[in-house]
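[1] generate coordinates for the sequence data below:
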Amino acid sequence: MDWTSILVTVALLGVFLGWTALWLRRRLGLPRTVAQFLERTGYRLPDQRGVPVPQQVPAIVEMIGILDRSQTSMMGRTADVTFRLVRVHHGHDVWFRMSSDEQGDHAVWTARAHGTPVACFQVAHKDAPARFSQAISVGERRIDRRFQITTHAPASTLAFLRAHPEFLARLARLPYVDLFVRDGQVNLFDRRQANHRRVFRGRDDLPALGRAAFERAGKMRPLHNEVADLLTWLATQVVERDPARAFVLAAISVFANGEDPANWSPTEAVEFLDSGWNVKDPTSVTSTLGELERSASEAPEQVAWHCIRGMHVARLAVAAGFLEGAASWSWCLHLAGHVRRAHASWADVSVAFLRDHAHWARGPGQSPAAQQRKIESMQAIVHDRLAHDWVAVPFGG
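    Model (predicted):
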């Protein structure tokens with residue numbers, strides 16, 4: 001054997017050993033990397049919050065393995081990779097999800113608003129897709145040049161942003177921003193902090209992909225803490241602060257999906273009031289609210305059902321242009337007083353409201369299966385509100 005053959009053999013052996021070492025490092029190093037990520041950032045699996053970190057690691061590694069085994073059935077596509085974790089930050093849950101799918105790679109942090117937001121809006125860098133229909137500016141050149149602000153409630157959004165200039169200043173310190181308040185949640189969406197394909201250079205090797213993702217996320221500890229601070233602050237500040245109004249918005253949240261109906265678009269509000277209540281103008285709003293109040297007086301056991309629906313109509317009437325804001329709040333606070341006098345607690349309200357909703361849902365016009373789905377859907381909503389939004393709002397007035 002000549003020296004050339006020997007050198008080629010040694011070179012090939014070196015490549016093989018190096019590749020093998022890298023292959024083993026990626027697989028054997030994954031549990032350690034996952035453990036370091038959990039320790040550094042404070043995140044845990046949602047269903048294993050109280051379980052020690054070493055016992056959580058195998059479950060995450062197993063999730064990666066399941067995705068790896070299923071990859072062969074995906075016709076060459078890169079498998080969707082998602083890790084959903086939660087941490088407690090200053091007493092509040094902050095959720096973190098890292099995903100890689102056909103639409104790209106992204107990280108999302110989420111915190112639930114502690115009440116009903118006074119406005120739903122987005123503050124994002126200019127290259128982020130707009131999440132609401134109307135673009136606004138705050139009149140501050142440094143902010144307006146860097147961010148786009150979209151909403152469907154310009155007045156409420158501007159009032160909040162101008163009352164909290166420190167909020168936009170904090171956003172400006174983040175490397176990339178797509179923050180939005182929607183559906184009763186505060187979210188920060190970021191495609192740059194979890195770009196798995198760039199990290200792993202396009203290789204479809206899920207264990208190594210998972211390891212790279214966790215290594216990258218583990219190094220993001222300062223960013224995780226800053227984002228958690230920002231989201232928990234916003235989750236407590238963007239909500240209605242007046243206790244009486246907060247009670248109203250909490251009560252009608254069973255219909256409003258985490259938003260004040262007064263912030264709906266005028267078209268949506270007009271269509272809803274027309275189709276659901278045959279309300280077409282200011283006169284019919286007043287007439288409908290009066291009828292609901294009379295119904296509550298005539299059937300005291302149905303106060304929650306009639307008055308909560310009345311509050312919802314009164315707030316929608318603002319968006320539709322049928323009531324001024326002050327008149328709407330006057331009606332709402334009046335109806336809320338009936339609810340508070342008739343019931344002792346939110347739990348009491350939930351029982352009465354669900355009973356009357358079920359009676360209404362079983363009315364004519366729908367199949368039994370459709371009626372049952374409607375009943376079960378409202379039960380899930382009310383139980384969720386009872387466990388989260390309502391407990392944050394004192395019942396007594």
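[2] residues in contact with residue 235?
    92, 111, 112, 113, 114, 186 (C-beta atoms under 8 Å, 6 or more residues apart in numbering). The way it works is simple: take the backbone N, C-alpha and C, and place the C-beta from them, glycine included.
[3] let's see 10 Å
    Residues in contact with residue 235 (C-beta atoms under 10 Å, 6 or more residues apart in numbering) are 92-94, 110-115, 117, 181, 184-186.
[4] by neighbour count, which of the residues you listed wins?
    When neighbours are counted by other C-beta atoms under 10 Å, residue 117 leads those with 29 neighbours.
[5] show me where the stretch 251-397 of the chain has helices.
    Taking DSSP state H, counting those that start in this stretch, the helices of the stretch 251-397 of the chain run over residues 253-256, 266-277, 282-298, 303-320, 325-342, 346-361, 368-387.
[6] just give me how far the first one sits from the chain centre.
    From the chain centre to the centre of helix 253-256 is a distance of 15 Å (C-alpha atoms, centre = their mean, to the nearest Å).
[7] just checking, what packs against that helix?
    Applying 3 or more C-beta pairs under 10 Å, 6 or more residues apart in numbering; DSSP states H and E, one finds that helix 253-256 contacts helix 303-320, helix 346-361, helix 368-387.
[8] what are the buried residues along the second one?
    By 16 or more other C-beta atoms under 10 Å, the buried positions in helix 346-361 come out as 346, 349, 350, 352, 353, 354, 356, 357, 358, 361.
[9] what of the longest one?
    Within helix 368-387, the residues that qualify as buried are 371, 374, 375, 378, 381, 382, 385, 386, counting by 16+ other C-beta under 10 Å.
[10] make CSV out of those residues and add distance to residue 121 and pLDDT.
    Converted to CSV, these look like this (distance: C-beta to C-beta, whole Å; pLDDT from 0 to 100):
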residue, distance to residue 121, pLDDT
371, 37, 92
374, 31, 94
375, 34, 95
378, 28, 95
381, 24, 94
382, 27, 95
385, 23, 90
386, 27, 90
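[11] give me the low-pLDDT residue ranges for the protein?
    The chain contains residues with pLDDT under 70 at 1-29, 64-82, 99-105, 191-221, 397.
[12] next, name the residue at the spatial heart of it.
    When C-alpha atoms, centre = their mean is applied to the chain, the residue found nearest the centroid is residue 185 (3.6 Å).
[13] report the contact partners of that residue.
    With C-beta under 10 Å, 6+ apart, residue 185 has these contacts: 95, 110, 111, 112, 113, 117, 120, 231, 235, 258.
[14] what is the nearest of the residues you listed to residue 391?
    Using C-beta to C-beta, residue 112 is the member of the contacts of residue 185 that sits closest to residue 391, with 12.0 Å.
[15] follow-up on the earlier one: identify the farthest-apart pair in the contacts of residue 185.
    Across the contacts of residue 185, no pair lies farther apart than 95 and 120, at 18.6 Å, counting by C-beta to C-beta.
[16] kindly confirm whether my reading is correct that residue 129 touches residue 122.
    Yes - contact between residue 129 and residue 122 holds when scored by C-beta atoms under 10 Å: they sit 9.3 Å apart.
[17] just to revisit the earlier point, can you list the contacts of residue 185 in TSV and add distance to residue 223?
    Output for the contacts of residue 185, formatted as TSV (distance: C-beta to C-beta, whole Å):
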residue	distance to residue 223
95	15
110	15
111	15
112	21
113	22
117	24
120	25
231	12
235	18
258	26
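[18] pretty sure residue 353 is touching residue 308, no?
    Yes - contact criterion C-beta under 10 Å: residue 353 and residue 308 qualify, at 6.5 Å.
[19] please enumerate the shared neighbours of those two.
    Joint contacts of residue 353 and residue 308 (C-beta under 10 Å, 6+ apart) are 251, 254, 339.
[20] of those - the most surrounded one?
    residue 251 (29 neighbours).
[21] what sits against that one?
    Residues in contact with residue 251 (C-beta under 10 Å, 6+ apart) are 116, 304, 307-309, 311-312, 332, 335-336, 339-340, 346, 349, 353, 385, 389-390, 393.
[22] swap in 8 Å and give it another go.
    Counting by C-beta under 8 Å, 6+ apart, residue 251 touches 308, 311, 336, 339, 349.
[23] hang on, residue 110 in a strand?
    Yes - judged by DSSP: H, G, I helix; E, B strand; the rest coil, residue 110 forms part of a strand.
[24] quick one on the thing from earlier: list just the nearest of the shared contacts of residue 353 and residue 308 to residue 326.
    Distance to residue 326, by C-beta to C-beta, is smallest for residue 251 among the shared contacts of residue 353 and residue 308, at 19.3 Å.
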